[in-house]
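[1] Just the structure for this:
(one chain, ligands or ions: 2)
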Amino acid sequence: MKAPVRVAVTGAAGQIGYALLFRIAAGDMLGKDQPVILHLLEITPALPALQGVVMELNDCAFPTLAGVVTSDDPNVAFKDVDYALLVGSRPRGPGMERKDLLEANGAIFGPQGKALNDHAKRDVKVLVVGNPANTNALIAQQNAPDLDPKCFTAMVRLDHNRGLSQLAEKTGKHSSDVKKFTIWGNHSSTQYPDLHHTLVDGKPALELVDQSWYEKDFIPTVQQRGAAIIKARGASSAASAASAAIDHIRNWALGTAEGDWVSMGIPSDGSYGIKPGVIFGYPVTVKNGKYEIVQGLAINAFSQAKLDATEKELFEERAAVEHLFAGK
Ligand SMILES: NC(=O)c1ccc[n+]([C@@H]2O[C@H](COP(=O)([O-])OP(=O)(O)OC[C@H]3O[C@@H](n4cnc5c(N)ncnc54)[C@H](O)[C@@H]3O)[C@@H](O)[C@H]2O)c1
Ligand SMILES: O=C(O)C[C@H](O)C(=O)O
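    Ligands and ions are numbered 1, 2, ... in the order given. Take a look at the predicted model:
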């Protein structure tokens, strides 16, 4: 067994929290040889419910669970953490766009960014799940001037996994046969699920499906999947969101597979013409805990229009929350 690492999860008594904590504690995220100490943050009224979750965690007697810290204070919860999964925030209901949550949730991420800045490990890996995830990650990043801006990422992995599954079903293959798929941009209905470089069992995806299915079926299905789940379940996705969060951190910590990439919301740096200043979904590979944008992919006019639309939306969201940045 390795030395334990500290993993913070916010909103730990919520529905994603309930699907996430047990898998992290069981070693699904960082490996069966990596003990974890969970640092669980909740709002004060949810602390009794959180205690119930902790009782259940203990009752599992997981070999990889080395301790649990609970708090309603981010300055306590983020002390010395190696990983922080920022889930705690309000989910949307039917008929809402995720950006309608900016007002309600944006205020959560400034103080949490500052607490990470003041207390977390200097190479902390932060994943924002709470919606609107990209812009909340930007708010946290902008309140953490002493941390590397690249510590802050947002989750587009659920969209990525949804795309793998849709394409696998259409082509009669398994999702593990699908490689080099990308979610560009925002975790919102402007996200661009891009099949132009995708391979299914080694063959170009766009040679296996027709363009009209790609444009009129695949893209909107992936873009609107969160809303479809809210409609069907009466609550937003939880187990699949938790699973995607585990995939995102596992790949960031342990690396991506040779010959493939994953999608992560990361700080834009000018790659593919996206101006710096937002958290943008990109194709990335990871080695030794560092992610790198896959460079040199051809972008045709169709793709460029989609990239422009999602970039525009992210800069609009940025403009709406700039007052929450440190020093503003
Ligand atoms: N990025 C994605 O792909 C994705 C997928 C699914 C859900 N989400 C988002 O994740 C968020 C959580 O969803 P859920 O279904 O678990 O919601 P939920 O309402 O079941 O749980 C949220 C929890 O967060 C807690 N919380 C609220 N403010 C907090 C704060 N300041 N600090 C700590 N905890 C706080 C609440 O008490 C609650 O227990 C929502 O914003 C949802 O839209 C994102
Ligand atoms: O759609 C939502 O509001 C929840 C989540 O972001 C999802 O994609 O399932």
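
[2] Next, count neighbours for Pro149.
    15 (other Cβ atoms under 10 Å). In this view, the C-beta of every residue, glycine as well, is placed from N, C-alpha and C.

[3] which phi and psi does the closest residue to Gly88 other than its chain neighbours have?
    Nearest residue to Gly88, sequence neighbours excluded (Cβ to Cβ, 6 or more residues apart in numbering): Gly11, at 2.6 Å. Dihedral angles of Gly11 (phi, psi; degrees, to the nearest 10) stand at phi 70, psi 30.

[4] my guess is Gly11 contacts Pro91, does it?
    No. Using Cβ atoms under 8 Å, Gly11 is not in contact with Pro91, being 9.8 Å away.

[5] the more surrounded of these two?
    Comparing Gly11 with Pro91 by neighbour count (other Cβ under 10 Å), the higher total belongs to Gly11, at 25 against 21.

[6] Let me see the confidence value for the more buried one.
    Confidence at Gly11, expressed as pLDDT, is 98.

[7] Ok, Leu101 next?
    91.

[8] swap in Glu316?
    Taking Glu316 on its own, its pLDDT is 97.

[9] now Ser303
    98.

[10] residues in contact with it?
    When contacts are counted by Cβ atoms under 8 Å, 6 or more residues apart in numbering, Ser303 touches Trp184, Tyr192, Asp194, His196.

[11] ok, is the lengthiest strand in the chain in contact with ligand 2 or not?
    Counting by DSSP state E, the longest strand found in the chain is strand 279-287. No. For a cut-off given as Cβ under 6 Å from any ligand atom, strand 279-287 has no contacts with ligand 2; the smallest distance is 12.6 Å.

[12] Likewise for stretch 89-108?
    Yes. Applying Cβ under 6 Å from any ligand atom, one finds that stretch 89-108 is in contact with ligand 2 at Pro91, Arg92, Arg98.

[13] which ones are touching the residue nearest to Gly88?
    Gly17, Leu41, Glu42, Leu86, Val87, Gly88, Ser89, Gly130.

[14] same question, Pro63
    Gly27, Lys32, Pro35.

[15] what about the second one, distance to ligand 2?
    Plainly put, Lys32 is 28 Å away from ligand 2 if you go by Cβ to the nearest ligand atom, to the nearest Å.
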